[in-house]
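> Sharing a sequence plus its predicted fold:
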Amino acid sequence: MKINLLSLLVIPAVMYSQNTEKYPNTFSSGSTYVKKFDNKSRLFNDWSISVGGGGAFMQSADLTSFYGKGVNLGWNTYISLDKQISHVFGLGLQYQQGQTNQQGMINPVYGVANANTKYKQISLIGDVNFSNLLLRVDNNSTYRWALHGYAGLGLQGYKTYLQDKSALWNGRGVLEVNQDLDIASFFYQAGAGIKYKISKLLDIEARLMYIMSGDDEFDGGGWDNTSVEYPYNRIKNTNSDNMFTANLGLTFKLGKHLSHLAWHDPLEYLENRISKLGAPIDFVVCEKGDNDNDGVCDDWDRQLDTPAGARVDGAGVALDIDLDGVIDLYDKCVTVPGPASNNGCPEVLKINVNKIDIKQSVVEINKNFEGIEFDLNSDVIRSISFDRLDKAAAIIKSLDSKTQYLVIGATDTRGSAAYNKKLSQRRADAVVKYLVDKGVDPYMLLAEGRGKDDLKYPECNPYTKCPEWKNEANRRVYFSEK
């Protein structure tokens, strides 16, 4: 029973652990038109900077901006960096500062106390676009007005100043509170705004925000509401002095696209896509023609000036079977690579025998053809060496037939000395036989096997000290004057 239950848990986990990089898949929309979302696939701008300012008023506190029949006007400014997450929701990192002016009276003898609060606040604000959220399907009017709702929290610092006619606080009647901008003081805010789209780069907004300071000393009434030293904090039985701001601001929309995501109407986007899909398409085969008459339309021809008569591949490129850079139309040796100067055929090596003596011939042979390669533990010459041996034979046949040369065979350090001696002799014999078969006088060539006593790389003893390419180079045959 336990095994069955375990199987039921494991099977779904295995199914969902498969690779999800291919589209469509279980975690995609199911559409065949699916691709990764990056900067290249973005259609709308989604960054902006907002600035603004206006009035600030202490409202729910012991000392308020609305005292008696007057209003004590304060000020507020803000700047924020905004990121639109979707057409409905965005986030903003905001800095604001300002000053409120407020009054209150605790005792007629003290008179009316005048106070102010100078604040600095940093907050993260969420932005909900209610106009996009509640947009009617049948509303086709010009989209320029938008209702936004805001809410967020952050850190604050402030300095307050209060003065009355009392003799409190060192006989001066002056009370000051200083709260640094740090995590000791959090505040919360919420509000709404009306935005108007001036252009694709600029919006204007009227915004009303309510700020809950969370501190009873924010209005300047003192540090607590229990001590007789701070009587103004006992005017109201609250632990949070709150205020509101009324601002007028501008939003500068950043980016290269024509529209900002905050002003995007998804329904309009879908209607445009549907209308494009439904529009008839006039498909013209070979719209650009075939100007070089190679049978491949210029719409997808990768070589628009193919010479007349040349065979081409599916992309309209002239064929070059031997890949020597000379197309088959002009190549006199279609299957053998050669330079264009010789019409695509290999050049024949010409030797001026009169200018090469015995020592020079040995140098010439070894310089160009040293390094004949063999299979491991074998005297079988690798086919890669045939071309070099053919050229060696051509040079030797051009020399004086009375001159003799040593054809020296060598091995790497694998195996015993006796075995390597025999193997190198067989390899030298194999090279001599190959050259004789190509027309070299047998008298000119003497085979000599030196085994592992003649290493090209002496440091490869034992062979495990070297990479394989060095050991392979030690398995060689080279030429020497007798």
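Yes, it's here. Worth saying up front: this structure is predicted, and the values here are computed from it rather than measured.

> can you give me the helices for the stretch 101-250 of the chain?
Using DSSP state H, counting those that start in this stretch, the helices found in the stretch 101-250 of the chain span residues 130-133, 168.

> Can you tell me which of those is most buried?
helix 168 (a mean of 19; mean count of other C-beta atoms under 10 Å). (C-beta placed from N, C-alpha, C; glycine too.)

> what's it in contact with?
Helix 168 has contacts (C-beta atoms under 8 Å, 6 or more residues apart in numbering) with 110, 175, 229, 231.

> low pLDDT regions in this protein?
Within the chain, the segments meeting pLDDT under 70 span 1-33, 269, 278-279, 283, 348-357, 367-369, 371.

> Grab the longest strand from it for me.
Longest strand of the chain, by residue count under DSSP state E: strand 174-197.

> Just put the helices of the stretch 101-250 of the chain in TSV and tack on distance to residue 145.
Output for the helices of the stretch 101-250 of the chain, formatted as TSV (distance: least, C-beta to C-beta, whole Å):
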stretch	distance to residue 145
helix 130-133	7
helix 168	52
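
> Out of these, the one nearest residue 266 is which?
Among the helices of the stretch 101-250 of the chain, the nearest to residue 266 by C-beta to C-beta is helix 130-133 (8.0 Å).

> Of all the helices of the stretch 101-250 of the chain, which one is nearest residue 297?
Nearest to residue 297, of the helices of the stretch 101-250 of the chain and by C-beta to C-beta, is helix 130-133 at 46.4 Å.

> Now do that closest one: which elements does it pack against?
Under the contact criterion of 3 or more C-beta pairs under 8 Å, 6 or more residues apart in numbering; DSSP states H and E, helix 130-133 touches strand 145-163.

> Give me the helices and strands touching the strand it packs on, please.
If you count contacts as 3+ C-beta pairs under 8 Å, 6+ apart, strand 145-163 packs onto strand 89-104, strand 113-129, helix 130-133, strand 174-197, strand 202-212.

> Give me the buried positions along the fourth one.
For strand 174-197, the buried set under the neighbour-count rule, 16 or more other C-beta atoms under 10 Å, comprises 175, 177, 179, 181, 185, 187-189, 191-193, 195, 197.

> Tell me the helices and strands packed up against that strand.
Using 3+ C-beta pairs under 8 Å, 6+ apart, strand 174-197 is in contact with strand 113-129, strand 145-163, strand 202-212.

> nearest to residue 344, of those?
strand 202-212 (66.6 Å).

> So residue 240 sits against residue 216, correct?
Yes: Residue 240 is within contact range of residue 216, at 6.8 Å (criterion: C-beta atoms under 8 Å).

> Of the two, give the one with the bigger neighbour count.
Legend: neighbour count by other C-beta atoms under 10 Å for residue 240 and residue 216, higher for residue 216 (22 against 15).

> my guess is the more buried one contacts residue 225, does it?
Yes: shown here, residue 216 and residue 225 form a contact pair, counting by C-beta under 8 Å, at 5.5 Å.

> anything in contact with each of those two?
With C-beta under 8 Å, 6+ apart, residue 216 and residue 225 have common neighbours 233, 239.

> Need the contact partners of stretch 408-418.
Counting by C-beta under 8 Å, 6+ apart, 377, 420, 423-429, 431, 447-456, 460-463, 471-472, 474-480 sit against stretch 408-418.

> quick one: the residue nearest to residue 299 when sequence neighbours are not counted and residue 38, what's the gap?
Leaving out its chain neighbours, the residue that sits closest to residue 299 by C-beta to C-beta, 6 or more residues apart in numbering is residue 288, at 5.1 Å. According to C-beta to C-beta, to the nearest Å, residue 288 and residue 38 sit 32 Å apart.

> Look at these two and report which has more neighbours.
Higher neighbour count among residue 288 and residue 38: residue 288, with 12 against 7, using other C-beta under 10 Å.

> Residue 291: neighbouring residues, count only.
Count around residue 291 with other C-beta under 10 Å applied: 12.

> Please tell me I have it right and it contacts residue 304.
Yes: assessed by C-beta under 8 Å, residue 291 is found in contact with residue 304 at 6.5 Å.

> Need the overlap of contacts for those two.
Residues touching both residue 291 and residue 304 (C-beta under 8 Å, 6+ apart) are residue 298.

> in the stretch 301-450 of the chain, which spans are helices?
Counting by DSSP H, counting those that start in this stretch, the helices of the stretch 301-450 of the chain are 358-369, 386-397, 417-437.

> could I get the ones you listed as TSV with mean neighbour count?
Below are the helices of the stretch 301-450 of the chain laid out as TSV (neighbours: other C-beta atoms under 10 Å):
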stretch	mean neighbour count
helix 358-369	15
helix 386-397	17
helix 417-437	19
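
> Please report the distance of the residue nearest to residue 299 from residue 310.
To residue 310, residue 288 is 20 Å away according to C-beta to C-beta.

> repeat for residue 190
Relative to residue 310, residue 190 is positioned 76 Å away (C-beta to C-beta).

> what's stretch 255-270 in contact with?
Stretch 255-270 has contacts (C-beta under 8 Å, 6+ apart) with 42-48, 84, 86-87, 90, 129, 132, 135, 137, 143, 146, 197, 200, 253.

> thinking again about what came up before, how about the helices and strands packed on strand 174-197 in a markdown table, adding mean neighbour count and distance to residue 362?
Formatted as a markdown table, the helices and strands packed on strand 174-197 follow (neighbours: other C-beta atoms under 10 Å; distance: least, C-beta to C-beta, whole Å):
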| stretch | mean neighbour count | distance to residue 362 |
| --- | --- | --- |
| strand 113-129 | 20 | 84 |
| strand 145-163 | 18 | 87 |
| strand 202-212 | 18 | 85 |
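
> To residue 316, which of the ones you listed lies closest?
strand 202-212 (50.9 Å).

> helices or strands up against the closest one?
Packing contacts for strand 202-212, counted by 3+ C-beta pairs under 8 Å, 6+ apart, involve strand 47-60, strand 145-163, strand 174-197, strand 242-254.

> That strand vs strand 242-254, what angle?
On the basis of axes from the mean of the first three to the mean of the last three C-alpha atoms, to 10 degrees, strand 202-212 is oriented at 160 degrees to strand 242-254.
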